[in-house]
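Colleague: Sequence and predicted structure below; questions after.
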Amino acid sequence: MSLKPRRVDFEPTWQTLLETVRGVITCGRCGMVARATWNDRFSDVYAVCVAYPEPLSDRLYHETKTFLESHVQELHQVVSKTGEELLSSYHHHWQEYSKGSTYLNQLYGYLNSQFIKKQKMSDADLNYGGFVSDPSEQMLEIGELALDIWKRLMIEPLKDNLTSLLLEEVKRDRCSGTVNQAVLHGVINSLVNVEEYKKKCPLKLYEDLFEKPFISETGDYYRQEALKLLDDYNCSEYMEKVIQRLDDENFRSRKFLHPSSYAKVTHECEQRMVADHLLFLHGECKEMVKKEKRKDLSYMYKLMRPIHGGLGVLIQELEGFIRQTGLEAVRDLRGENVPAQFVESMLEVHTKYTELIQNVFSNDQQFVGALDKACAAAINHRTNAKSICRSPELLAKYCDSLLKKSAKGMSETEIDDRLTSSITVFKYLDDKDIYQRFYARMLARRLIYSQSMSMDAEEAMINRLKQACGYEFTNKLHRMFTDMTISTDLNNKFSDFLKKDELDIGVNFSILVLQAGAWPIGQSNLPSFAIPQELEKSVRMFELFYNKSFSGRKLTWMHSFCSAELKMNYLKKPYFVNMGTFHMGILLQFNASESVTFKELLAYTQLPHKELVKQLQTFLETKIILCEGSLDESSTLRLNMNYSNKRTKFKITTAVQKESQQDVEQTHTAIDEDRKMYLQAAIVRIMKARKILKHNLLIQEVISQSKARFAPSIGMIKKCIESLIEKQYLERTPSATDEYSYMA
């Protein structure tokens, strides 16, 4: 076949083409179209479009349009007379017509691409207005034209009937009646398909004709359904029924509707059955939480989650209940091992409600946040505003008990698990600096007196704290470990030093050299003490060795932290006793005599009167030394020559190894001083960066920077500001009394 343009007699060519078009649009109902005929018609369309001298494309388009309009009008006459079977008839003819229009669009492919597309308006013209005043006048591709004609001549005249019949069918389905799913789905989808080709608002017909009335009718239906269910059932049963209704409607949407309607229908059902009855549902939350009705709570969560502000009451009730449970768990703790009771009770509460939130509330972060707030409130609870929260101290003591050698009956794995769990409580502490102080003091004791169960466990715990609070928080703790390692190396070097000079100090002597700034050991108010003659040489030689190795460093001897092992040879069998240096200094005075007066001991040891009484009291309690009458300055003390003990090796615990109430008070005093310094540093840092700042903004900035370590009081911040003004770091600006400026 020649592709060269030629003269075409339009009428006979159109009549031939029309037969094929009629057969195609009716899918063979008005005569089958043979394959050869189908192929020839492509040539006819081409010939008409390139006809000589004038192409006949425009005429072909209008003749086809006229035929399709006539055909759809005939179909409308047929469909409109079917009465109750209107939906089935409409669906049957639509299936035939839509399939035929697809084939027709292929047949007119050349007309579409070479003529119609050149006449069509661009997207920009459609959106912003073009040369055609009425967009409906523009040409459409044949497939689009067929759909547009169906919309105008079939759907528009039948729209009221279609809408009412569709709504009736859906209602019948809701009431468990029998409906033809294929017909219902097909008719509804036809409202989408006829405008699918449009780039702008392709769902407008579907939304206006069916979706809006359907959603309105759905809302009315479920409003009545909700009232009926509320009359017949209690809250738990009501929620179960509502969830069932929502699932049914969700399934129904997927059977019949376009995907764009799914969320809208679900939202309408939720509004009518849940949002409209929030007051009733919220009123049941307290009882559900209190009795931990997991199934009901799960239903409540599922229903409330999509509703704006629906979960607020449930979250508040859960938070309040967890807080109350936590407070009751740690209230009035008494007896032995209060720290363990406190930590394990809080962990039990936390574990229980973490599991509940995971299983019932799908680990929703709003509920996780409520758990965090509740646990923090319980852990940081104070009986009154001025009282000190004991939680940091109790947690530090709990960790201390686990890390000591005395933690018997537990495997290393179990201890490690408990220490890991303790970090959960630690994260909720407001006053982490108090915990740090107590933990550092207890760590110092464990390291100095070799009471640590395992150095690996100690280091692992410090690393956990570092992960939770950063390197700055654990810096001093790391330095304490470093000192222990350096001290071991120093002892080895001291031994080499003695061997090299062939010196004998007469005793086994090991020493710890600790950095003053890293260890929480006060150097002020150290009790005076005369070193026993037996130790003088070892002390002198170590100082000589140390000064040779490190010039410019000053050693301060902390005798109250030292310990010694003495062999008691004066009894029926020898005993090896581990004791403090002060005890050793006292006991060595009995080498020369079986009895010594209190005044002589005061002169020999040079201990303060109060300290000597305290040290002697330990000997009197253990009955190593005897004293007639009460202990005073005129007392004479003598060795108990009949002393006996089941153990040949035992330890006399020194007062400094036990935590006293005075130590606790000193720790809190030191914490207050540290806080003042920290706050002053924060204020200077902020003002240096900002230069000028209002009082309230400065307070907020300081609180924001400090909250990771502790919760500072406004009063303390104000005192620190006043102190810095006195020190001339800050000044009040002349123009405003509530504004500060930084003084460089």
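Modeller: Received it, and whenever you're ready, just let me know what you need.
Colleague: Show me what counts as buried in stretch 577-588.
Modeller: 577-588 (16 or more other C-beta atoms under 10 Å). Every C-beta, even on glycine, is put in place using the N, C-alpha and C of the backbone.
Colleague: Tabulate the residues you listed in CSV, adding columns for secondary structure.
Modeller: What follows is the buried residues of stretch 577-588, written out as CSV (DSSP: H, G, I helix; E, B strand; the rest coil):
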residue, secondary structure
577, strand
578, strand
579, strand
580, strand
581, helix
582, helix
583, helix
584, helix
585, helix
586, helix
587, helix
588, helix
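Colleague: Where does residue 514 sit: helix, strand or coil?
Modeller: Secondary structure, three-state DSSP: residue 514 is coil.
Colleague: In contact with residue 564, which residues?
Modeller: Residues near residue 564 by C-beta atoms under 8 Å, 6 or more residues apart in numbering: 578-581, 584.
Colleague: State the number of residues packed around the nearest residue to residue 108 once chain neighbours are set aside.
Modeller: Once flanking residues are discounted, residue 108 sits nearest to residue 142: 4.0 Å by C-beta to C-beta, 6 or more residues apart in numbering. A count of nearby residues for residue 142, using other C-beta atoms under 10 Å, gives 25.
Colleague: for the helix or strand hosting residue 188, packing partners?
Modeller: Remark: residue 188 resides in helix 181-193, with elements defined by DSSP states H and E. Here helix 181-193 touches helix 86-107, helix 156-174, helix 204-206, helix 235-256, going by 3 or more C-beta pairs under 8 Å, 6 or more residues apart in numbering; DSSP states H and E.
Colleague: re earlier: Throw the contacts of residue 564 into TSV and include pLDDT and distance to residue 49, thanks.
Modeller: Formatted as TSV, these follow (pLDDT from 0 to 100; distance: C-beta to C-beta, whole Å):
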residue	pLDDT	distance to residue 49
578	89	113
579	88	116
580	87	113
581	88	115
584	89	119
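Colleague: next helix or strand past the helix or strand of the chain with the lowest mean pLDDT?
Modeller: Within the chain, no helix or strand scores below helix 123-128, which has a mean of 57 by mean pLDDT, DSSP states H and E. Next in sequence after helix 123-128, counting helices and strands by DSSP H and E, comes helix 142-150.
Colleague: Residue 409 versus the residue nearest the centre of the chain, what's the distance?
Modeller: With distances taken as C-alpha atoms, centre = their mean, residue 365 lies nearest the centre of the chain, 6.1 Å away. Separation of residue 365 from residue 409 (C-beta to C-beta, to the nearest Å): 39 Å.
Colleague: Could I get the full set of strands for the stretch 501-650 of the chain?
Modeller: Listed in chain order, the strands of the stretch 501-650 of the chain (DSSP state E, counting those that start in this stretch) span 563-568, 575-580, 595-597, 625-627, 636-639, 649-651.
Colleague: hey, which of these is tucked in deepest?
Modeller: strand 575-580 (a mean of 20; mean count of other C-beta atoms under 10 Å).
Colleague: the inter-axis angle of that strand versus strand 563-568?
Modeller: 150 degrees (axes from the mean of the first three to the mean of the last three C-alpha atoms, to 10 degrees).
Colleague: shift numbering so it begins at 615
Modeller: Understood, numbering begins at 615; the last thing we discussed is strand 1189-1194.
Colleague: Show the average pLDDT along the helix holding residue 802.
Modeller: Mean pLDDT, helix 795-807: 92.
Colleague: for stretch 1308-1321, same thing?
Modeller: Here the average pLDDT along stretch 1308-1321 is 88.
Colleague: Stretch 1082-1102 now?
Modeller: Averaged across stretch 1082-1102, pLDDT comes to 89.
Colleague: before we move on, what about stretch 1291-1302?
Modeller: Computed over stretch 1291-1302, the average pLDDT equals 89.
Colleague: Give me the contacts around that stretch.
Modeller: 1047, 1307, 1312, 1315-1316, 1319-1320, 1323, 1326, 1330-1331, 1334-1335, 1337-1338, 1343-1344, 1354-1356.
Colleague: residues of stretch 995-1015 that come out buried?
Modeller: Quick answer for stretch 995-1015 (16+ other C-beta under 10 Å): 995, 1003-1015.
Colleague: give me the low-pLDDT residue ranges for the stretch 1215-1358 of the chain?
Modeller: 1268-1277, 1358 (pLDDT under 70).
Colleague: could you redo the last one with a cut-off of 90?
Modeller: Residues of the stretch 1215-1358 of the chain meeting the criterion pLDDT under 90: 1215-1217, 1219-1220, 1222-1252, 1254-1262, 1264-1294, 1301-1309, 1315-1358.
Colleague: mind listing the helices for it?
Modeller: 1223-1236, 1275-1304, 1309-1320, 1328-1340 (DSSP state H, counting those that start in this stretch).
Colleague: list the helices and strands the last one packs on?
Modeller: With contacts taken as 3+ C-beta pairs under 8 Å, 6+ apart, helix 1328-1340 sits against helix 1275-1304, helix 1309-1320, strand 1344-1346.
Colleague: can you give me phi and psi for residue 1341?
Modeller: For residue 1341, the backbone dihedrals are phi -80, psi 0 (criterion: degrees, to the nearest 10).
Colleague: I meant residue 1237, not that one.
Modeller: Residue torsions, per degrees, to the nearest 10, at residue 1237 are phi 70, psi 20.
Colleague: Now that it has come up, it's in contact with residue 1259, right?
Modeller: No: Residue 1237 lies out of contact with residue 1259 (C-beta atoms under 8 Å); the separation is 9.5 Å.
Colleague: Neighbour count: these two, which is higher?
Modeller: Between residue 1237 and residue 1259, counted using other C-beta under 10 Å, residue 1259 has the larger neighbour count: 15 against 12.
Colleague: Let's see the pLDDT reported for the nearest residue in space to that one that is not next to it in sequence.
Modeller: Spatial nearest neighbour of residue 1259, excluding adjacent residues (C-beta to C-beta, 6+ apart): residue 1189 at 6.3 Å. For residue 1189, the model assigns a pLDDT of 90.
Colleague: doesn't residue 1181 make contact with residue 1189?
Modeller: Yes: between residue 1189 and residue 1181 there is a contact at 7.3 Å, judged by C-beta under 8 Å.
Colleague: and of the helices and strands packed on helix 1328-1340, who's closest to residue 762?
Modeller: Residue 762 sits nearest to helix 1309-1320 of all those, at 63.7 Å, using C-beta to C-beta.
Colleague: Contacts only, for residue 872.
Modeller: Residue 872 neighbours (C-beta under 8 Å, 6+ apart): 802-803, 806, 817, 820, 825.
Colleague: Kindly provide the distance from residue 1207 to residue 1213.
Modeller: In terms of C-beta to C-beta, residue 1207 sits 14 Å off from residue 1213.
Colleague: What residues of stretch 823-833 count as buried?
Modeller: 823-825, 828-829, 831-833.
Colleague: Can you add pLDDT and give those back as CSV?
Modeller: Converted to CSV, the buried residues of stretch 823-833 look like this (pLDDT from 0 to 100):
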residue, pLDDT
823, 92
824, 92
825, 93
828, 94
829, 94
831, 94
832, 94
833, 94
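Colleague: ok, the residues you listed vs residue 927, which is closest?
Modeller: residue 833 (24.2 Å).
Colleague: Surely the closest one is in contact with residue 885?
Modeller: Yes: contact criterion C-beta under 8 Å: residue 833 and residue 885 qualify, at 7.2 Å.
Colleague: Now render the strands of the stretch 1115-1264 of the chain as JSON lines, adding distance to residue 853.
Modeller: Shown next, in JSON lines, are the strands of the stretch 1115-1264 of the chain (distance: least, C-beta to C-beta, whole Å):
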{"stretch": "strand 1177-1182", "distance to residue 853": "68"}
{"stretch": "strand 1189-1194", "distance to residue 853": "68"}
{"stretch": "strand 1209-1211", "distance to residue 853": "85"}
{"stretch": "strand 1239-1241", "distance to residue 853": "77"}
{"stretch": "strand 1250-1253", "distance to residue 853": "81"}
{"stretch": "strand 1263-1265", "distance to residue 853": "65"}
